[in-house]
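generate a structure from the sequence data that follows.
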Amino acid sequence: MIAFLVNGFPVWALVASGLALYEPRIFTWFSGSLITIGLGTIMLGMALTLDFGDFRRVTTRRGVIVLGVLLQYTVMPALGWGIGFALDLPTPFAVGLILVACCPGGTASNVVTYLARADLPLSVTMTACSTLMAVIATPALTALLAGSRVDVPAAGLFLSTIQVVILPILLGLSIRRLMPRLWRALVPAAPLVAVTVIVLIVASIIGAGRDDILESGLRLLLAVFSLHAGGFLVGYGAVRLVSREHIVARTIAIEVGMQNSGLGVVLANQNFPNLLVAIPSAISSLFHSLIGSALAGWWRYRASTRHTGQL
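All right, here's what the predicted structure looks like:
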């Protein structure tokens, strides 16, 4: 039952987003410090699934991991800046698009990797590495690419990233190592808690920005969709140029195309006075999950038909 609810995340996010547009008050109560606490809870849940061995894998697959993380922090930021410029997005939305494009991979990518029958240990390791790098990379890249539009508080982004990323990860690793009984009790519920909190965050931000989302309409939706579709496409294509491993290409495509949108929401809320900066991150969470789930279904189908000899 828990697996069914977790795998249905894109559906729950889509339904909640629709309800938020229809009646924002259903979800806008989940705001302010609740969003920060919620993201910290999600990151703690991810950390509970990790151990120090996941980080030791870096020494055995350095080339693949470096390639994936490099694509994460070059392709996506460049796409975020380029799409915002090409579509002439209003400044708050353009800055928000750049911000989410500069975020690391998120826990949803690990779920989609599992569904796609790709390399889950590689996905988890890449997520962990890009998340740790986010402390420096996300503030620096956002300031570099969005600094001409608004005053980007790089120091504030740095401190916020430590607060909602590094501290929960350290706590999760410590619980697994020092309190195994508590760890065993928490791990089964972690994925469902993460999905529930992500849905609440997405719906809350969409509800709060309802009027602006409806006014911007297709242009904003096209921008966010293009960001993630481009990430999946370039991530897969770049790996296939240098490797014959389909599974590795799928894994890196998922990692590059899916961002930690919840982190984008929190960083936007804590560091930018204009609340509209958080909206691209909220929409991003929905779109990257829908695209990723569709690709996972296709890749699972291809794998099953190859196994039965139909292709």
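
where does this protein have low pLDDT?
Where the chain drops to pLDDT under 70, the residues are 1-3, 7, 52-59, 107, 148-150, 152, 303-311.

name the helix or strand for the residue lying closest to residue 129 once chain neighbours are set aside, please.
Spatially, and ignoring its direct neighbours in sequence, residue 129 is nearest to residue 69 (5.4 Å; Cβ to Cβ, 6 or more residues apart in numbering). Yep, even glycine has a C-beta here, placed from its N, CA and C like the rest. Element membership for residue 69 (DSSP states H and E) is helix 62-72.

quick check: buried residues in the helix or strand hosting residue 229?
Taking DSSP H and E as the criterion, residue 229 maps to helix 218-242. Applying a neighbour-count criterion of 16 or more other Cβ atoms under 10 Å, one finds 220, 223-228, 230-232, 234-236, 238-240 buried in helix 218-242.

swap in stretch 173-187?
For stretch 173-187, a neighbour-count test (16+ other Cβ under 10 Å) marks 173, 175-176, 183, 186 as buried.

same question, stretch 130-148
Across stretch 130-148, burial judged by 16+ other Cβ under 10 Å covers 130-132, 134-135, 137-143, 145-146.

what distance separates it from the centre of its chain?
15 Å (Cα atoms, centre = their mean, to the nearest Å).

what does stretch 87-99 contact?
With Cβ atoms under 8 Å, 6 or more residues apart in numbering as the test, stretch 87-99 has contacts from 77, 80-81, 83-85, 138, 142, 145-146, 149-150, 152, 216, 219-220, 222-224, 227, 264, 267-268, 272, 274, 276-281.

6 Å - rerun?
Residues outside stretch 87-99 that contact it (Cβ atoms under 6 Å, 6 or more residues apart in numbering) are 80-81, 84, 142, 145-146, 149-150, 219-220, 223, 264, 268, 274, 276-277, 279-280.

ok, now stretch 264-279?
For stretch 264-279, the surrounding residues in contact (Cβ under 6 Å, 6+ apart) are 35-36, 39, 92, 95-96, 99-100, 103, 153, 156-157, 160, 164, 201, 205, 209, 212, 281.

so of the residues you listed, which ones are in helices?
Those of the contacts of stretch 264-279 mapping onto helices are 35-36, 39, 92, 95-96, 99-100, 156-157, 160, 201, 205, 212, 281, per DSSP state H.

looking at those residues, spot the one nearest residue 246.
Closest approach to residue 246 among the ones in helices among the contacts of stretch 264-279 (Cβ to Cβ): residue 100, at 27.9 Å.

tell me how far the nearest residue to that closest one once chain neighbours are set aside lies from residue 81.
The spatially closest residue to residue 100, leaving aside those adjacent along the chain, is residue 264, at 3.9 Å (Cβ to Cβ, 6+ apart). From residue 264 over to residue 81 the distance is 15 Å, taken as Cβ to Cβ, to the nearest Å.

then residue 117?
Going from residue 117 to residue 81 by Cβ to Cβ gives 33 Å.

with residue 12 instead?
As for residue 12, its distance to residue 81 is 31 Å (criterion: Cβ to Cβ).

so between these two, which is more surrounded?
Under the criterion of other Cβ atoms under 10 Å, the comparison of residue 12 against residue 81 puts residue 81 first, with 21 against 18.

element containing that one?
Using DSSP H and E, the element containing residue 81 is helix 75-86.

if we look at that helix, which residues are touching it?
Contacts with helix 75-86, where a contact means Cβ under 6 Å, 6+ apart, come from 94, 97-98, 101-102, 141, 145, 223, 226-227, 230-231, 234, 256.

tilt between that helix and helix 218-242?
For helix 75-86 against helix 218-242, the angle between stretch directions is 140 degrees (axes from the mean of the first three to the mean of the last three Cα atoms, to 10 degrees).
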